[in-house]
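Novice: Provided below for reference: sequence and predicted model.
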Amino acid sequence: QLQLVESGGGLVQAGGSLRLSCAASERTFAYYVMGWFRQAPGKEREFVAAISRNGGTTKYADSVKGRFTISRDNAKNTVYLQMNSLKPEDTAVYYCAKSTGIIATMERNFDSWGQGTQVTVSS
């Protein structure tokens, strides 16, 4: 099973930027649609962004559109989430995940998850 490890989280002021990385354990990474989700305290996990196998198609939650960019480097088995213009409401644990098939926004369409990385945005 594909193992995923996120990194890059931290504490940042509102308006700042962070780049999250998610490293996969196998070269089969290139065959999978990948996504990012987040979970804020007391809330359900929610979709953030997804990217196709070759990176040519992306999908974003309305709340992050125009501020976040998902990308991938299949040679490095890594998917990224560039987060700009961060807001306090972006504070959450961010997870990367492998899709079971198509680009999707529902958790049930993803079957391998990383352990998460904390992002905290101060006002």
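Specialist: Nice, I can see it.
Novice: dig out what the closest residue to residue 48 other than its chain neighbours forms beta bridges with.
Specialist: Distance criterion Cβ to Cβ, 6 or more residues apart in numbering; nearest residue to residue 48, sequence neighbours excluded, is residue 36 at 4.3 Å. Using the backbone N, CA and C atoms, a C-beta is placed for each residue, glycine as well. Under the criterion DSSP bridges, residue 36 forms beta bridges with residue 49, residue 96.
Novice: please tell me how far residue 36 sits from residue 68.
Specialist: Distance, residue 36 to residue 68, using Cβ to Cβ, to the nearest Å: 8 Å.
Novice: neighbour count: the two, which is higher?
Specialist: Remark: of residue 36 and residue 68, residue 36 carries more neighbours, 26 against 21, as counted by other Cβ atoms under 10 Å.
Novice: so the more buried one touches residue 21, yeah?
Specialist: No - Residue 36 lies out of contact with residue 21 (Cβ atoms under 8 Å); the separation is 10.9 Å.
Novice: if I look at those two, which residues touch both of them?
Specialist: residue 79 (Cβ atoms under 8 Å, 6 or more residues apart in numbering).
Novice: circling back to that earlier point, any shared contact partners between residue 36 and residue 68?
Specialist: Counting by Cβ under 8 Å, 6+ apart, the residues touching both residue 36 and residue 68 are 48, 49, 81.
Novice: I'd say the first one and residue 39 touch.
Specialist: Put plainly, it is residue 48. No - when contacts are counted by Cβ under 8 Å, residue 48 is not listed as touching residue 39 (10.3 Å).
Novice: and these two? Which one has more around it.
Specialist: More crowded of residue 48 and residue 39, by other Cβ under 10 Å: residue 48, with 25 against 14.
Novice: I'd like to know how far the more buried one sits from residue 116.
Specialist: According to Cβ to Cβ, residue 48 stands 12 Å off from residue 116.
Novice: need the residues touching each of those two.
Specialist: What both residue 48 and residue 116 touch, as defined by Cβ under 8 Å, 6+ apart, is the set residue 94.
Novice: the bottom helix or strand of this structure by mean pLDDT?
Specialist: Ranking every helix and strand in the chain by mean pLDDT, DSSP states H and E puts strand 110-113 at the bottom, with a mean of 94.
Novice: perfect, I'm done here.
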